[in-house]
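Colleague: mind folding the following:
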Amino acid sequence: MMDSQENTLPQGTPAEENKVMEAPTAQVEEPVVEKTEAGNSPAEEVPVAPQETETAEVPAAETPLEVATPEAEAALPEAEVASPQSEEAPKAEEEAPKKVYKTKKEVLERVTELAHDDSHPSKDEVDHLKTVFYKLHIAEREAALKSYLDGGGDPEKYQVTPDEDEEKFKAEMSLIKEKRARIFQELENEKAENLKKKLDIIEKVKSLVTSPDNANRSYQEFKKLQQEWKEIKAVPAERANELWRNYQLYVEKFYDLLKLNSEAREYDFKKNLEIKTKLCEAAEKLADEPDVISAFHQLQELHQQYREAGPVSKDLREEVWTRFKAASTVINKRHQQHFEDLRSKEEENLAKKTALCEKVEAIAQEENKGAADWERHTREIIAVQQEWKAIGFAPQKMNVKIFERFRAACDDFFGRKTQFFRDMKSRFAENAEKKRALVEQAQALQDSTDWKATSEKLTALQREWKTIGMVPKKLGDQLWNDFLGACNKFFEARNAATAGTRNEEHANLAKKREIIGKMKDLAVQGDGNIQDDIQTLVDEYNSIGHVPYREKDKLYKEYREILDKLYKELNITVARRRLDNFKSSLRNVAEKGANALDNERTRLMRRYDSLKQEIQTYENNIGFLSVSSKKGNSLIDEMNRKVQKLKDDLSLVREKIKAIDEENNKAEEEEKEEN
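Modeller: Just a heads-up that it's a prediction; the model follows:
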């Protein structure tokens, strides 16, 4: 059984802080001072705070730390009662560096060793082994899932394979749990037995005190009882203070009754002074110890030795104790400051991690329009994850919650990313099938000699190809090469067969460009009486035959632009002239009588409705025309020009009706003024 010490805390320690305190707590104790009858000199001090022991932990739940009773705290100076901060033990990762395990096998070997050897497994190591094992276990599962998905597996059909290592790990951890529970119970039984032994020693010392005449003869027996007391270790924490006070009381009474000769007594005091002086020096040297936690635990051991050391002369008792207490106070303050700094750092870490959570959540909410956005946001989130790893622990009560928030935001993003690429992969497959079908159709036409019909069909296939979405680059290049090869084979054969017609096409190209030049000259003149000239040029243009295939689209675009410009300017000029002439003639119409304007307005309204109906008819017809050939396109363009002219006429009629209404209003106002 390992030697251990009991933890004591002042009342009021927060429960959440008690949970992390697994190392013994340094507490400076002041001796109970019993005055002599004269009330002048204090009795020899023996620290009366309970022994401090590391309480074994029941695996099923945290064993609560013992709390000193108010009476026990009253026996201590106020400045020396450890605060919750000073009571807090360092976290496992700060007390000692944790061993690095790279594989589950290494973890399992260590767990098996702990489960079957005679050692006492510490909670920190057990928790560390559990964390590392499941971190590696989860990493293996995620790698297996990724490999399955990368291989084209269906995520809905994926099943997790049972892990024999996990079952062995759980079995060994169960043995460790039982082992810790057994050790804890053995420790509790040992404490109860030690309590009985110390109570028995107190009764024996008490019996020596009640026999003053035999005090000198009982000295050796008393020293033997003192040695037995020192050899007995842990007792139940709730009885420790009371036990020490009773023992101290009867020890001091025995010394008061003891009638040793002066030389022997002074020798004993001198020897004890040397021991306590060395303990004071050792405590003072701890102020230079760089490891605050180590200094704190060494101070615990010095306190135990100080308790076990015998008394010194009464005139030096207070001085020695004050020196030892002062050195202890320095270590306690350093220990307390260490954990205050640690808590402050944890609060800073919590603020940093909260900011990173907000950052990841903001990135996850941004819109992803394509794969590039997903990859860019993925790089941003991975960078944030690297920042997270560089930040230490947050406060214990928030550490799990803040990690769960961060993990949830990351999982949400990567889950949606996985779904996006799964859908994109499906779309790629559909697009690839569509392009394969077009390749097959093009290859079926590549040997055709029906030059005109096949050219139109292949041109239609090319337009359809452009409407199909993306496919993976390697496959897309292959399909495009096959498709282009089939098209090129046909068009090269067609060009070879129709080489004789090229000179005629180039001559036609020159003629049409000449006509387009004449149209541009008309546009520069800006004369409103050019309608007949325009129509003559249009008829001449349409009578010319084919031009080279590569030039036809560019030529037709140039022709349409100048023709649209001429018609637009012509319609605007003619409409403006007609409206001006109409307004000039309104006064003459008005002189014929009021009914004349009304009759003209009625006629224009009928014209307005007729134009609207005609425009509607044209627009409906345009919707039914095929746009798959040049002839169809020309017809649609011609109809669009007619529709635009009808709309201009409609606008002109609307302006005429408006002019009649203004003339009527003007006539009414003049009539009112005359009356």
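Colleague: can you list the weak-confidence ranges in the stretch 1-150 of the chain?
Modeller: 1-97 (pLDDT under 70).
Colleague: just the chain next, same as before
Modeller: The model of the chain has pLDDT under 70 over residues 1-97, 211-217, 258-264, 499-501, 526-529, 570-581, 583-594, 624-634, 667, 670-675.
Colleague: swap the cut-off to 50 and go again
Modeller: Applying pLDDT under 50 to the chain flags residues 1-95, 260-261, 626-631.
Colleague: what's the neighbour count on the nearest residue to residue 352 once chain neighbours are set aside?
Modeller: Nearest residue to residue 352 in three dimensions, chain neighbours excluded: residue 391, at 5.2 Å (C-beta to C-beta, 6 or more residues apart in numbering). Placement of C-beta: from N, CA and C, glycine included. For residue 391, the neighbour count with other C-beta atoms under 10 Å is 14.
Colleague: what about residue 391, distance to residue 497?
Modeller: 75 Å (C-beta to C-beta, to the nearest Å).
Colleague: just to revisit the earlier point, doesn't residue 354 make contact with the residue nearest to residue 352?
Modeller: No: using C-beta atoms under 8 Å, residue 391 is not in contact with residue 354; the gap is 10.7 Å.
Colleague: quick one: the strands in the stretch 201-350 of the chain?
Modeller: In chain order, the stretch 201-350 of the chain shows no strands, with DSSP state E, counting those that start in this stretch as the criterion.
Colleague: just the helices from it, written as ranges.
Modeller: Under the criterion DSSP state H, counting those that start in this stretch, the stretch 201-350 of the chain contains helices at 219-231, 237-257, 262-285, 292-308, 314-365.
Colleague: give the next helix or strand downstream of the last one.
Modeller: Toward the C-terminus, helix 314-365 is succeeded by helix 371-390 as the next helix or strand (DSSP states H and E).
Colleague: now do that following helix: distance to the chain's middle.
Modeller: On the basis of C-alpha atoms, centre = their mean, to the nearest Å, helix 371-390 is displaced by 9 Å from the centre of the chain it belongs to.
Colleague: kindly report the same for stretch 232-245.
Modeller: For stretch 232-245, the distance to the chain centre is 51 Å (C-alpha atoms, centre = their mean).
Colleague: can you point out the buried residues in that stretch?
Modeller: For stretch 232-245, the neighbour count (16 or more other C-beta atoms under 10 Å) marks 232, 233, 234, 235, 237, 239, 240, 241, 243, 244 as buried.
Colleague: pipe the residues you listed into TSV and attach distance to residue 327 per row.
Modeller: TSV is the format used below for those (distance: C-beta to C-beta, whole Å):
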residue	distance to residue 327
232	27
233	25
234	25
235	27
237	25
239	29
240	23
241	23
243	26
244	21
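Colleague: quick check: phi and psi on residue 152?
Modeller: Dihedral pair for residue 152: phi 90, psi 10, per degrees, to the nearest 10.
Colleague: count the neighbours of residue 183 for me.
Modeller: Using other C-beta under 10 Å, residue 183 has 17 other residues around it.
Colleague: quick one: which helix or strand includes it?
Modeller: Residue 183 is located in helix 164-209, with elements delineated by DSSP H and E.
Colleague: same for that helix, what does it pack against?
Modeller: helix 104-116, helix 123-150, helix 219-231, helix 237-257 (3 or more C-beta pairs under 8 Å, 6 or more residues apart in numbering; DSSP states H and E).
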